[in-house]
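In: Here is the input, now give the coordinates:
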Amino acid sequence: MPVVSAQGIFLSYRREDAAPYARLLQFQLRDRFPDVRVFMDLDSIEAGLDFAEVIREWVDSCAVLVALIGRQWATLADEQGRRRLDNPDDFVRFEVQAALERGVRVIPVLVDGARPLRSEQLPAELHKLARLNALELSYSRYEYDAGRLFDLIQRVLAEASSTGITSDSLSTVNAEAEENAAHKEHIETTARQAHEDTFRNTRQEAGGQAWEEVVRQSREEAVRLAHTMTGHADGVYGVAFSPDGRLLASGGRDWTVRLWDPATGEHLRTLTGHAGTVRGVAFSPDGRRLASGCSNDRTVRLWDPATGEHLRTLTGHGVLGVTFSPHGRLLASGGIDRTVRLWDPATGEHLRTLTGHAGTVRGVAFSPDGRLLASGCGDRRLLADDRMMRLWDPATGEHLRTLTGHADGVWGVAFSPDGRLLASGGIDRTVRLWDPATGEHLRTLTGHADGVWGVAFSPDGRLLASGGGDRTVRLWDPATGEHLRTLTGHADGVWGVAFSPHGRLLASGGGSDDMTVRLWTLP
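Out: Prediction:
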C-alpha cells in the first residue's frame, strides 16, 4: 500500500487549452507553498522512461491534482483527427484517471468560461470527474478565483500532512475534510447571523440617523489613499493592472506608457514610441503583452511588460480604447474613425472592422466568456454622435444589439465578472447598468457633477467604480445602485479607473492639472 507524502500538487492541463493559467498557477503555488513540490509538463518526460510509471509515481506523491479544464479539454483531436480523450495513453486522461483510481483529491478548475463536464463527454474511467464540484478561474477576477483555489489546496494539504495517510485511505480523509469544511461553514454562518442580529439591534437602539452615521464613518476608515504616483508630464488617460497584480500600467498625454509597482508605488519603466496621447492601456490575460492605443499617431503598440521591449505596431485608425479578449486571441480597439477593429495580437493581423457607430468609439470591453464585445460611442463635439452602446459577436463581427438611454456620449464600458451586468459611463453625468443578454436598462446611478469617463467592476462584482470630470471617483453597489463612497484628491478630472486582480487596490488617473496615478486601498 503506497504511502502519500502529502507534499505534492499535480497540475494537469492541455497546452493548447490552458497553458497560460497553468504556468501562472505554477509560479503562485510555489510562492504560496514553498515546501511543496508542484508537478507539471509531463510531455517532457525523459526519453527511455515509462510515462505510465512516472505519472503513477508523481501522482502517488501528491495530495491533490488540479485539473485545468478549458473549452477544448474534452474535444481536442490528434493528428489523425481522433479525440485525444478517447486514447487510453493520452497524458491528460492518464493523469486524471490515475489520481481518481488512487484516491488523490481531484479539483476540476474551469478556465476561460468552460462549462462543467458531462458524463457522456468522458470515457467510463473518468465519469467520476463529471460528478466532482468544479471551481472557476477567470481572467476578469483571477486573483479572487485563484485565492479560493489556494485556500482549498491548503486545507487538503493540511489534512494530508496531519496523518500518515496511504493512497487507499486518502479518499476517506478527503471526505472527512469536506465534512469538516461543511461544519466550519455552518459555524461561520451561525456566527455571521448572530453578528448581523447584533448590528440590527444596535441600529434599532441608536436610531436610523445615528446608524447611518456609523456606516458612513466605517466606510471612511475602510478606504484610504495608499500611493500618489508622479512622473507623467501631462494628464493620465488610462490605467490597467497586470493579471498577477504585480504591475500597474498608465498611459498619458505626455506620449508615454509608464509601469509601476503597485505594492510600493515605485516607477519601474517608461515606454516611449507613441507620437501623441496614449488613451488606453490593457494587459493580455497571460500578462506577456501590454497594448497601448494612441489617437494622434493612429496606432496600437504591443510591448513586453517584463522588459519594456516594443513588440509590434498595429496601424489603421486613431485609437481611444483597447482591450484583450479573455482567451487572449483577440485585441479590440475603438477609434475616432467611428469603428471597432479586431486584431490578432500574436501576428498583428487586422481581422475585422465593425461599423455602425455614428461617432467616436471611446470604450470597448469583452464579456468574461468572450462571446460579446461592447462598444460605447460619444463625443459632445460631434453632431453625428449616436450616444449609444453596441453589442457585437466578436467571432463573426455581427451587430447584435443597440443600447440607448444616455442623453450624451458614452465614454466608459465594463462587464461585471459574471457577465450579467454591463456598466456604461456617460457625459450626461450618469452611470447606467444594463442586462447584456436582453439589452434591458436596469438602473441609473446619479451623483457625479460632470461627465463619467471611466467605469470598472471589482473582481468579485460587489463594487463598481466610476471616474468623472468632477475630479472624483465614486464607489457603488451594483446590486442595489447605492452610492457607497466618494474618493477625492485628484486636482483634475479622473479619466481611468481599474481594480487590482485581488480587489484590494483601486487605481485612478487624473487629467492635465493633476498628472498623477493614485492607488486606494479597499476593505
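In: Give the bridge partners for Leu135, please.
Out: Residues in a beta bridge with Leu135, per DSSP bridges, are Val109.
In: okay, now it: neighbour count?
Out: A total of 15 residues lie near Leu135 under the criterion other CB atoms under 10 Å. All C-beta atoms are positioned from the backbone trio N, CA, C, and that covers glycine.
In: can you pull the contacts of it?
Out: Shown in contact with Leu135 (CB atoms under 8 Å, 6 or more residues apart in numbering): Ile107, Pro108, Val109, Leu110, Asp145, Arg148, Leu149, Leu152.
In: Could you measure from the first one over to His317?
Out: When CB to CB, to the nearest Å is the yardstick, Ile107 and His317 sit 44 Å from each other.
In: Please apply the same query to the fourth one.
Out: Distance, Leu110 to His317, using CB to CB: 36 Å.
In: again with the fifth one
Out: Here the distance between Asp145 and His317 works out to 35 Å (CB to CB).
In: about what we covered before: if any of the contacts of Leu135 are buried, give me the PyMOL selection for them.
Out: Buried residues within the contacts of Leu135, as defined by 16 or more other CB atoms under 10 Å, are selected in PyMOL through the command that follows:
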select buried, resi 107+108+109+110+145+149+152
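In: Among the contacts of Leu135, which pair sits farthest apart?
Out: Comparing all pairs in the contacts of Leu135 by CB to CB, the longest separation belongs to Leu110 and Leu152, at 14.3 Å.
In: Could you pull out the buried residues of stretch 488-501?
Out: Of the residues in stretch 488-501, those with enough neighbours to count as buried (16+ other CB under 10 Å) are Gly489, His490, Asp492, Gly493, Val494, Trp495, Gly496, Val497, Ala498, Phe499, Ser500, Pro501.
In: how long is it from one end to the other?
Out: Stretch 488-501 stretches 23 Å from its first residue to its last (CA to CA, to the nearest Å).
In: cool, and stretch 418-427?
Out: Using CA to CA, the distance between the terminal residues of stretch 418-427 is 26 Å.
In: Mind telling me what element Ala456 is part of?
Out: Taking DSSP states H and E as the definition, one finds Ala456 inside strand 452-457.
In: tell me which strands and helices the following helix or strand past that strand is in contact with?
Out: Past strand 452-457, heading to the C-terminal end, the next element that is a helix or strand (DSSP H and E) is strand 464-468. Other elements packing on strand 464-468 under the criterion 3 or more CB pairs under 8 Å, 6 or more residues apart in numbering; DSSP states H and E are strand 410-415, strand 422-426, strand 430-435, strand 452-457, strand 473-477, strand 494-499, strand 505-510.
In: shaky segments in the stretch 401-523 of the chain?
Out: For the stretch 401-523 of the chain, residues meeting the criterion pLDDT under 70 lie at 523.
In: Oops, could you answer that again for the chain instead?
Out: Per-residue confidence for the chain (pLDDT under 70) gives these ranges: 1-7, 41-47, 140, 162-222, 379-386, 523.
In: Show me where it has its helices.
Out: With DSSP state H as the criterion, the chain has helices at 15-32, 51-60, 91-101, 127-131, 142-161, 167-206, 208-222.
In: list the buried ones in the second one?
Out: In terms of neighbour count (16+ other CB under 10 Å), helix 51-60 has its buried residues at Ile55, Arg56, Trp58, Val59, Asp60.
In: Neighbours of the residue nearest to the second one when sequence neighbours are not counted, how many?
Out: If the residues on either side of it in the chain are set aside, Arg56 comes closest to Ala98, at 5.6 Å by CB to CB, 6 or more residues apart in numbering. Other residues within reach of Ala98 by the criterion other CB under 10 Å amount to 21.
In: quick revisit: so which other helices or strands are in contact with the strand holding Ala456?
Out: Using 3+ CB pairs under 8 Å, 6+ apart as the contact criterion, the elements in contact with strand 452-457 are strand 410-415, strand 422-426, strand 430-435, strand 464-468, strand 494-499.
In: Okay then, goodbye and thanks.
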